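what's the 3D shape of this:
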Amino acid sequence: MNLPGCGAQSVDDLECEVPVFDVGVKIGTDTVCDIACDDWPCKVACQGIDVGICWAGDFVLCKVGCLVGGIFDHHCLEQCEKTIVDPCKKVLIDDCSAGCEKTFASCKNGCEKELTLDITAYFEKLEHVVSSLAINNFGVDCHGNGLTKPLIFSANVSAGIEDLGMALKIHTKDVSIGTTTTISLEQLKVDLTLPVNGSVQCGIFKKKNHIDINIGDTSVDAFDLNFDVNNKAFSTIAAVICLDLPFCKNAIQDAIDDAIKLAIKEFVPAALAKMISPAIQAVVDLAECPGSIDEEVFVLA
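Residues are numbered from 1 along each chain as shown. Predicted coordinates:
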């Protein structure tokens, strides 16, 4: 079979780099960025901001008005503070705190951008695509007899791949540090739906005989990563990536492991479906009618 950009391939052993996904995952940003960009110290400092300006201007005029017979009315002074000074102090402190929030929100956004793990994956190898394919259910609508008239059919095939082998090249980049490694996954299980249509006529005369089978767009109904078999492979690749990241602790390594598993479960099925359809098409294209005779020979006889 031929895949774009790959050339001729074995239908049961595909070896070719095919893009699968390219995603950004926030890894450890809460751990690192929340500490580095915490606005709490800034807001605490706002409580000690210079509020001397609040005791001038309007407050001085109000205070003068509280002078009765050369003596200040303390209740009046308290009202001046309550109505003029306190709101003024609140505005200054709130403005200061808002400035802290804006500054440190920008800090956190920049931090998260730097600490976002970019994960890119490519198919490197697919094994047992056809040899471990089994038909589970086959519903067909057809007419014609396939001998004197073509058998025209349309079918929905439910199938499963019970022993898929897959190698993915994983490239990650975080804080400008890149790592490329390959993860090999074994004994994967895939449930598929295959729309099939075409026509078949295998009568006595070769001239009229044909087998025309078309495999439509495959859909993946279930995709089992078989963690019992492949957990070690995921842990190993997460450990390799962590080796190059200076802040990578156990929790972050686990998060990388989970992120790669999630990305594979989310994006691989659709990419896999695009690979399976041409592989099965290449197999059915080899189908031929069993032996028959030339019409001319039959007539002469």
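
would you tell me which helix is longest in this protein?
helix 250-284 (DSSP state H).

so Val20 makes contact with Ile119?
No. Judged on CB atoms under 8 Å, Val20 makes no contact with Ile119 at a distance of 10.2 Å. For every residue, glycine as well, the C-beta is placed using N, CA and C.

just to revisit the earlier point, mind giving me the packing neighbours of the longest helix of the chain?
Using 3 or more CB pairs under 8 Å, 6 or more residues apart in numbering; DSSP states H and E, the elements in contact with helix 250-284 are strand 2-3, strand 13-26, strand 116-127, strand 151-174, strand 177-201, strand 210-215, strand 219-224, helix 227-243.

quote the end-to-end distance of stretch 142-161.
Start to finish, the residues bounding stretch 142-161 are 26 Å apart (CA to CA, to the nearest Å).

quick one: the helix or strand containing Asp86 to chain centroid distance?
Here Asp86 sits within helix 86-114, counting by DSSP states H and E. When C-alpha coordinates are averaged (CA atoms, centre = their mean, to the nearest Å), helix 86-114 and its chain have centres 33 Å apart.

thought Val229 was touching Lys189?
No. At 10.4 Å, Val229 and Lys189 do not qualify as touching, with contact defined as CB under 8 Å.

quick one, which of those two is more surrounded?
Lys189 (15 against 12; other CB atoms under 10 Å).

what distance do you get for the more buried one to Ala167?
Lys189 sits 17 Å away from Ala167, going by CB to CB, to the nearest Å.

re earlier: would you mind getting the angle between the longest helix of the chain and strand 219-224?
140 degrees (axes from the mean of the first three to the mean of the last three CA atoms, to 10 degrees).

please renumber so the chain begins at 20
Understood, numbering begins at 20; the last thing we discussed is helix 269-303.

how far off strand 32-45 does helix 269-303 point, in degrees?
Going by the same axes, to 10 degrees, helix 269-303 makes 150 degrees with strand 32-45.

follow-up on the earlier one: so which of the helices and strands packed on helix 269-303 is nearest Glu120?
When the helices and strands packed on helix 269-303 are compared by CB to CB, strand 32-45 sits nearest Glu120, at 20.5 Å.

and that closest one, what does it pack against?
Counting contacts by 3+ CB pairs under 8 Å, 6+ apart, strand 32-45 packs against strand 21-22, strand 135-146, helix 269-303.

flag the shaky bits of the stretch 20-169 of the chain, pLDDT-wise.
Applying pLDDT under 70 to the stretch 20-169 of the chain picks out residues 20-24, 46-55, 129-134.

roughly how far apart are the residue in the chain sticking out farthest from the centre and Val79?
Ranked by distance from the centre of the chain (CA atoms, centre = their mean), the top residue is Gly88, with 78.9 Å. Using CB to CB, we find Gly88 at a distance of 19 Å from Val79.

what do you get for Cys119?
Cys119 is 30 Å from Val79, by CB to CB.

and these two? Which one has more around it.
Per other CB under 10 Å, whichever of Cys119 and Val79 has more neighbours is Cys119, with 19 against 12.

quick one: that one and Ile68 touch, right?
No. Using CB under 8 Å, Cys119 is not in contact with Ile68; the gap is 11.0 Å.
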